[in-house]
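**Student:** Model the structure of this input:
(chains A and B)
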Number of protein chains: 2
Amino acid sequence: MLGTMLYGPRDVRCEEVPEPKIVHPTDVVIRLSASCICGSDLWPFRGLNGVTLPMAMGHEYCGVVEEVGSAVTTVRPGQFVVGSFCISDNTCPHCRRGFQSSCVQREFMTGAQAPRARVPLADGTLIATEAPPPDDLIPSLLAVSDVLGTGWYAADAARVEPGSTVAVVGDGAVGLMGVLAAKQMGAERIIAMSRHKARQNLALEFGATDIVTERGDQGVDRVKALTDGVGADSVLECVGTKESMMQALECARPGAMVGYVGVPHGVELDGQWLFFLQRGLLGGPAPVRRFLPRLTDLVLQRKINPGKVFDLTLPLADVAEGYRAMDERRAIKVMLRV
Amino acid sequence: MLGTMLYGPRDVRCEEVPEPKIVHPTDVVIRLSASCICGSDLWPFRGLNGVTLPMAMGHEYCGVVEEVGSAVTTVRPGQFVVGSFCISDNTCPHCRRGFQSSCVQREFMTGAQAPRARVPLADGTLIATEAPPPDDLIPSLLAVSDVLGTGWYAADAARVEPGSTVAVVGDGAVGLMGVLAAKQMGAERIIAMSRHKARQNLALEFGATDIVTERGDQGVDRVKALTDGVGADSVLECVGTKESMMQALECARPGAMVGYVGVPHGVELDGQWLFFLQRGLLGGPAPVRRFLPRLTDLVLQRKINPGKVFDLTLPLADVAEGYRAMDERRAIKVMLRV
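**Tutor:** Now for the predicted structure:
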């Protein structure tokens, strides 16, 4: 079959790869309904990560189970499933506390920018829908597996509460999903920091009440001005650079939590500075498995439409163009027809 | 009157100082019932802080109001008051959200290692008891103003919950108060990290269920072993060194909060490391004012006895010996008769 391999900086190729197979009895093989490119795929694409190359790309997925390993008990061939980009057993102590992304058996999904994929630890990673979903919901169900789940976790870690004021740093797909999550959690005011018209519009559609186009100190000043000098009650950091982290921390009011889901690159925090700033921090890979049932329900009931975040759809054969479009910010998020 | 001045590293003196006076209409002057030396006083005593010298020492206090400024409305001469080491107006947005230690008018109390002291912003900083307390409760009421309030905040920031497992890093007075706080908040298991017999005993008396004498990686391994490999649900960091912070973060389970109240010295956190470790952080100067009513009540009702943390009492004239005793860990915390 065709699959997506990264060979080096900016060298991503759609090429013939081996068909996935059951390796462990806890695996399943699924046929993907669609796949997509993640903002985090851009880090190795840009050459910023020390990864082993070539690397099978793709960790967001939903689709129909084709084959199950002998130990799999909760899903069966023919069922439509959504899963987390973090593979987990969902039974270990960390999973039971809702941090499946720190599962003792944690793996990260790979090879999902392809028509078929192996999902390890299927019982702990996937949930099946009662019936096959209508085609028009596929983009939103695909979004659940990482980008929505990650934005949701940012809002959860930032402890968004009903009636609160939330600032979202980053207008990429995750930041936009953070806006959607904050809205669902009852935030009264959602300040999206964005300087791109199309992303601003999507943020407004997802529930943003204010747009701040300034960055850095000016962005912080603007958020302060919008909150009577106080700062936001919760801040979602959805980028991962030093600048975005500083902006997020300084936009928050004292005592507020910053939920950070952009993988930090070049971020160093001075302990004493953070102490006197008195902001809280919680981040990490999103425990999407915790949120899967609720988010899947919200999509199936058509209460949310996270699939709108895909503004470009390409055939798998054009995956390289998809990476370029996201890298150059010509597209927010690219869906792949597999 | 006599007061305590720091002139340079290890040069602290009890000497004649001017009597405190009302400077602003929101000030009061109190006669202290007792004073004490704080672990944080040891940082400048050891020459580790860039402070302006000479420096009037002492920020923990309780006592009787002698004089009130013309704008003070909530306390009057003759009343017994307890206050926070953080001066706050208790009306600004940060105060109203319970973070009085980030009050827009924040000051830090000074000059309280003396018989009398000026307390600024008295209405926002002090609470008065209904009646003068019995003498034997003075040490515990004094403890409320910083050391207990700070240990309590560590537990609050670490989100200690009923039935949870808590680890406390640091067996100084604040760490011991953290043990007491965790016990009051319903923690089922409280692991105190201490290698000093007297401090271990006090920790056990305050509610610790386990003592870990190992430090660093071995200490982390021991906490993991005591928690079936999981880590603690909440960790209180009560030291402020790089080693203690690393130990605290690694003792926590994924998703857990570390409440840190030791002023960090030489602590740098790598963003990506913290991200994948997936531990939360909240710290800073304790908003003691938030906890004052409850903690004062607990003392007056004799439900807690934080005053036990004072294991050496000296006359004010011997304050320099008090600093030395704490610096050399011959005393946990020194009370001063003023």
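
**Student:** in chain A, which spans are helices?
**Tutor:** A:42-45, A:93-96, A:122-125, A:138-143, A:149-157, A:173-184, A:197-206, A:216-226, A:242-251, A:271-277, A:288-300, A:319-327 (DSSP state H).

**Student:** what residues are up against the residue nearest in space to the middle of chain A?
**Tutor:** By C-alpha atoms, centre = their mean, chain A has its centre lying nearest to A:Val147, at 2.4 Å. A:Val147 is in contact with A:36, A:38-39, A:60, A:173-174, A:177, A:306, A:309, A:333, counting by C-beta atoms under 8 Å, 6 or more residues apart in numbering or on different chains. (Glycine included, C-beta is placed from N, CA and C.)

**Student:** and the residue of the stretch 51-200 of chain A nearest chain B?
**Tutor:** A:Ser102 (3.2 Å; C-beta to the nearest C-beta).

**Student:** With adjacent residues omitted, what lies nearest to that residue?
**Tutor:** B:Pro254 (3.2 Å; C-beta to C-beta, 6 or more residues apart in numbering or on different chains).

**Student:** returning to that earlier point: nearest to B:Pro162, out of the helices of chain A?
**Tutor:** helix A:93-96 (17.7 Å; C-beta to C-beta).

**Student:** which other helices and strands contact the closest one?
**Tutor:** Counting contacts by 3 or more C-beta pairs under 8 Å, 6 or more residues apart in numbering or on different chains; DSSP states H and E, helix A:93-96 is packed against strand B:252-260.

**Student:** Tell me if I'm right that A:Arg290 and A:Arg97 touch.
**Tutor:** No: using C-beta atoms under 8 Å, A:Arg290 is not in contact with A:Arg97; the gap is 9.3 Å.

**Student:** who's more crowded, the two?
**Tutor:** Neighbour count, other C-beta atoms under 10 Å in any protein chain shown: between A:Arg290 and A:Arg97, A:Arg290 has more, with 23 against 17.

**Student:** who's in contact with A:Gly124?
**Tutor:** Going by C-beta under 8 Å, 6+ apart, the list of residues near A:Gly124 reads A:87-91, A:95, A:100, A:103, A:105, A:289.

**Student:** That one and A:Thr91: what is the separation?
**Tutor:** According to C-beta to C-beta, to the nearest Å, A:Gly124 and A:Thr91 sit 6 Å apart.

**Student:** since we're on A:Glu205, how many residues are nearby?
**Tutor:** 13.

**Student:** Please apply the same query to A:Gly231.
**Tutor:** Neighbours of A:Gly231 (other C-beta under 10 Å): 25.

**Student:** quick one: it from A:Val166, how far?
**Tutor:** Distance of A:Gly231 to A:Val166, computed by C-beta to C-beta: 11 Å.

**Student:** Ok, A:Ile211 next?
**Tutor:** 13 Å.

**Student:** the more surrounded of those two?
**Tutor:** A:Val166 (32 against 19).

**Student:** is the more buried one in a bridge, and if so with what?
**Tutor:** A:Ile190, A:Ser234 (DSSP bridges).

**Student:** Assess the claim that it and A:Val160 are in contact.
**Tutor:** Yes: under the criterion of C-beta under 8 Å, A:Val166 makes contact with A:Val160 at 5.5 Å.

**Student:** List the residues that are in contact with both of the two.
**Tutor:** A:182, A:187, A:233-234.

**Student:** Most neighbours out of these, which is it?
**Tutor:** A:Ala182 (32 neighbours).

**Student:** so how far is A:Gly307 from that one?
**Tutor:** 18 Å.

**Student:** before we move on, what about A:Val263?
**Tutor:** Counting by C-beta to C-beta, the gap from A:Val263 to A:Gly307 is 24 Å.

**Student:** Against B:Val166, how distant is the residue nearest to the residue nearest to the centre of chain A when sequence neighbours are not counted?
**Tutor:** Among residues not flanking A:Val147 along the chain, A:Ala173 sits closest, at 4.9 Å (C-beta to C-beta, 6+ apart). Distance of A:Ala173 to B:Val166, given as C-beta to C-beta: 38 Å.

**Student:** Same question for the helix or strand bottoming out on mean pLDDT in chain A: list its buried residues.
**Tutor:** Ranked by mean pLDDT, DSSP states H and E, the helix or strand of chain A with the weakest confidence is helix A:42-45, at a mean of 93. Neighbour-count burial for helix A:42-45, counted by 16 or more other C-beta atoms under 10 Å in any protein chain shown, picks out A:43-45.

**Student:** ok, so of the residues you listed, who is nearest A:Asp270?
**Tutor:** A:Trp43 (24.3 Å).

**Student:** May I ask you to confirm that that closest one is in contact with A:His265?
**Tutor:** Yes: between A:Trp43 and A:His265 there is a contact at 7.0 Å, judged by C-beta under 8 Å.

**Student:** Outside of stretch A:39-59 itself, list whatever touches it.
**Tutor:** A:3-10, A:12, A:17, A:35-38, A:85, A:108-114, A:117, A:146-147, A:172-174, A:262-263, A:265, A:319, A:323, A:326-327, A:333.

**Student:** Do me a favour and get the end-to-end distance for it?
**Tutor:** With C-alpha to C-alpha, to the nearest Å applied, stretch A:39-59 spans 11 Å between its terminal residues.

**Student:** Domain parsing of chain A, as residue ranges.
**Tutor:** A:2-148+A:286-337, A:151-283 (automatic domain parsing).

**Student:** most packed of the ones you listed?
**Tutor:** The highest average neighbour count among those, using mean count of other C-beta atoms under 10 Å in any protein chain shown, belongs to domain A:151-283 at a mean of 23.

**Student:** and the end-to-end length of that domain?
**Tutor:** 11 Å.

**Student:** Over to stretch A:100-116?
**Tutor:** 24 Å.

**Student:** likewise stretch A:144-154?
**Tutor:** Using C-alpha to C-alpha, the two ends of stretch A:144-154 sit 14 Å apart.

**Student:** Would you mind listing what in the stretch 101-250 of chain A touches chain B?
**Tutor:** Residues of the stretch 101-250 of chain A that fall close to chain B, judged by C-beta under 8 Å from any C-beta of the partner chain: A:101-102, A:104, A:157, A:228-230, A:240, A:242, A:245.

**Student:** Turn these into CSV, columns for pLDDT.
**Tutor:** CSV is the format used below for these (pLDDT from 0 to 100):
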residue, pLDDT
A:Ser101, 97
A:Ser102, 97
A:Val104, 96
A:Ala157, 98
A:Asp228, 94
A:Gly229, 94
A:Val230, 96
A:Gly240, 95
A:Lys242, 97
A:Met245, 98
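
**Student:** from these, which is closest to B:Asp297?
**Tutor:** Among those, and counting by C-beta to C-beta, the member closest to B:Asp297 is A:Val230, at 29.7 Å.

**Student:** how about the spatially closest residue to the closest one that is not a sequence neighbour, what does it touch?
**Tutor:** The shortest distance from A:Val230 to any residue other than its chain neighbours is 4.4 Å, reached at B:Pro93 (C-beta to C-beta, 6+ apart). By C-beta under 8 Å, 6+ apart, B:Pro93 lies in contact with A:228-230, A:253, B:104.

**Student:** List the contacts of A:Glu321.
**Tutor:** The contact partners of A:Glu321, taken as C-beta under 8 Å, 6+ apart, are A:Leu314.

**Student:** and the spatially closest residue to A:Glu243 that is not a sequence neighbour, what is it in contact with?
**Tutor:** Setting aside the residues directly before and after it, A:Glu243 is nearest to A:Gly216 in space (C-beta to C-beta, 6+ apart), at 6.4 Å. Taking C-beta under 8 Å, 6+ apart as the criterion, A:Gly216 is in contact with A:243, A:246-247.

**Student:** what do you get for A:Asp327?
**Tutor:** A:10, A:42, A:45-46.

**Student:** do that again at 10 Å, thanks
**Tutor:** A:10, A:37, A:39, A:41-42, A:45-46 (C-beta atoms under 10 Å, 6 or more residues apart in numbering or on different chains).

**Student:** Thanks a lot, see you next time.
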